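A.B. asks: Model the structure of this input:
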Amino acid sequence: MSARPTLGARPPRATPTLPPPVPDWSTIGHLMADSQTVGRALLADDPALGWTAAGVRPAAILLLEPAEPLMAVDPPTGRTFDLQVELLVRRGFGRFPLDAPVPAPLPGWTVQIGPVGLELLDAGGNVWSAAGVTPGPRWLSTVDECGYVQVLYGAWLGVRTPRGVRADQYGPARRAAELRAARMRGLVAAATVAWTDRSVRHSRDEPLPQCVSPNPAP
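C.D. replies: Got it, this is the predicted structure:
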């Protein structure tokens, strides 16, 4: 038989459930700007992306991979996510799962060549990511003609060679597999942004040539 409560005894106090902490997005933004980022400037038909080839003029792609992810877990859902990717989504980037279309244009954001290589800037001219990558002539020719860059951001885009793996062992197929896995986990943000270093031979009113991005679905 269970014991009866003592008359006048106070019931046990319930432990309050605290809401999960709200990320400090300003601090995360500063960490992104100050963190070491590596990148690759590819065309959309590059096998390291693993996309379905299409079109005669593949678009210019910029992969931006931070040195370290800022991983967190959403307690209600158990979903694991990268705070840097989430911050870009809050700023207008789109998530880039396997069934995503070509990244939508993001007004105001730009890519340019800075002191250390390609840079991603927001509408206020703030540098969000600077990758020490120098694009090749074909990439520059393509982006100069098209006027925009498709930017992918995430910690697992197939840019870095994993620890313990030789560079010559990490070929395009394995890099494409890493990118595919990151997209499946929701760890990639993407957007189409303007290229600010276009050649002066193009008039502001001149329509841009159509550069075709292959279907990003593997």
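A.B. asks: what ranges do the strands span in this structure?
C.D. replies: For the chain, the strands defined by DSSP state E cover 37-43, 60-66, 71-73, 80-82, 94-95, 105-114, 117-121, 127-131, 148-153, 189-195.
A.B. asks: Quickly, which of those strands bottoms out on average pLDDT?
C.D. replies: The minimum mean pLDDT among the strands of the chain belongs to strand 71-73 (a mean of 72).
A.B. asks: Which residue lies nearest the spatial centre of the protein?
C.D. replies: With distances taken as CA atoms, centre = their mean, the residue of the chain nearest its centroid is Tyr153 (1.7 Å).
A.B. asks: which intervals of this structure have sub-threshold pLDDT?
C.D. replies: For the chain, applying pLDDT under 70 flags the ranges 1-35, 53-56, 198-218.
A.B. asks: hey, where'd the helices end up in this structure?
C.D. replies: 25-34, 83-90, 137-146, 172-184 (DSSP state H).
A.B. asks: Please indicate which of those helices has the most neighbours on average?
C.D. replies: Stretch with highest mean neighbour count among the helices of the chain: helix 83-90 (a mean of 21; mean count of other CB atoms under 10 Å). Yep, even glycine has a C-beta here, placed from its N, CA and C like the rest.
A.B. asks: tell me the angle that helix makes with strand 189-195.
C.D. replies: Computed by axes from the mean of the first three to the mean of the last three CA atoms, to 10 degrees, the angle separating helix 83-90 from strand 189-195 equals 60 degrees.
A.B. asks: Would you pull up how far helix 83-90 lies from the middle of the chain?
C.D. replies: On the basis of CA atoms, centre = their mean, to the nearest Å, helix 83-90 sits 8 Å off its chain's mean C-alpha point.
A.B. asks: helices or strands up against it?
C.D. replies: Helices and strands touching helix 83-90, by 3 or more CB pairs under 8 Å, 6 or more residues apart in numbering; DSSP states H and E, are helix 25-34, strand 148-153, strand 189-195.
A.B. asks: Can you name the residues bridging to the residue nearest to the centre of the chain?
C.D. replies: As for beta bridges, Tyr153 partners with Leu64, Ala189 under DSSP bridges.
A.B. asks: From what I see, it and Leu88 are in contact.
C.D. replies: Yes. Tyr153 is within contact range of Leu88, at 5.7 Å (criterion: CB atoms under 8 Å).
A.B. asks: shared neighbours, the two?
C.D. replies: Taking CB atoms under 8 Å, 6 or more residues apart in numbering as the criterion, Tyr153 and Leu88 both touch Ala189.
A.B. asks: my read: Ala48 touches Pro172, true?
C.D. replies: Yes. At 4.2 Å, Ala48 counts as touching Pro172 under the criterion of CB under 8 Å.
A.B. asks: for the closest residue to Trp195 other than its chain neighbours, what are its contacts?
C.D. replies: Spatially, and ignoring its direct neighbours in sequence, Trp195 is nearest to Val143 (4.8 Å; CB to CB, 6 or more residues apart in numbering). Each residue near Val143 by CB under 8 Å, 6+ apart is listed here: 60, 135, 149, 195.
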